[in-house]
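Undergrad: coordinates only, sequence not included:
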């Protein structure tokens, strides 16, 4: 590394996952606030970095990267940590679960949280989508809970992986956002293996660093509360 990474972030957004990974890797980085309260993610300067207008983006010596799963995978490959190595027999299994979270769970959460972006402004249609995605999200977490109890060292193991950080953030968000969403199927303590994962992460120094930086409170994953960041807005 000849220059520091630059993380474009907003408090309690998907950049939270990348910040956890950066701290776990103990690599230096700078942060650039993307202020969602003024639609900073849609500003021309940010769209030049991430044309999708989503958070996060990471500037590296090799150019900017966007998409949370891609950033995680690039960091893990670059620094040789947070995942099974490319020649490890567990690599394929790790990748399928990482992409399940990135391609299936995370988009389902977006549909639950932002239904107007998918079905327009009609409240009844939004409610129908929320109800459907609530069931889908609960099913995805049930699937992940089973996988987290299978004894894989790279998922709910002694040392967190990038997959662990991704799942922990998704669990935090579904417990908090949005206030009006129908989430009657979601009960965090019933996912016992995932709760074990959250307790492990919450005790680690990278979690303490992030909860301080983004105002996440003392139990950001096991009993989350809305953030009180010093700068920027989570929504």
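TA: Arrived safely, thanks for sending. Given the structure is predicted, the values throughout are model-derived calculations rather than measurements. Numbering: from 1, shown residues only.
Undergrad: pass me the low-pLDDT residue ranges in the chain, would you?
TA: 1-3, 180-185 (pLDDT under 70).
Undergrad: strands along that one, start to end?
TA: 5-9, 29-33, 57-60, 63-66 (DSSP state E).
Undergrad: of all those strands, which one comes closest to residue 192?
TA: Residue 192 sits nearest to strand 5-9 of all the strands of the chain, at 31.3 Å, using C-beta to C-beta. Just so you know, the C-beta spots here come from the backbone N, C-alpha and C atoms, and that holds for glycine as well.
Undergrad: okay, now the sheet partners of the closest one, with direction.
TA: Using DSSP bridges, the strands paired with strand 5-9 in its sheet are strand 29-33 (parallel), strand 57-60 (antiparallel).
Undergrad: dump these to TSV, plus mean neighbour count and distance to residue 94.
TA: Below are the strands paired with strand 5-9 laid out as TSV (neighbours: other C-beta atoms under 10 Å; distance: least, C-beta to C-beta, whole Å):
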stretch	mean neighbour count	distance to residue 94
strand 29-33	15	24
strand 57-60	22	20
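Undergrad: related to what we said a few turns ago, any chance of the strands of the chain in JSON lines, with distance to residue 170 too?
TA: Output for these, formatted as JSON lines (distance: least, C-beta to C-beta, whole Å):
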{"stretch": "strand 5-9", "distance to residue 170": "17"}
{"stretch": "strand 29-33", "distance to residue 170": "22"}
{"stretch": "strand 57-60", "distance to residue 170": "19"}
{"stretch": "strand 63-66", "distance to residue 170": "18"}
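Undergrad: on that earlier part again, out of the strands paired with strand 5-9, which gets nearest to residue 216?
TA: For the strands paired with strand 5-9, proximity to residue 216 was assessed by C-beta to C-beta; strand 29-33 is nearest, at 15.0 Å.
Undergrad: I am finished for the moment; much appreciated.
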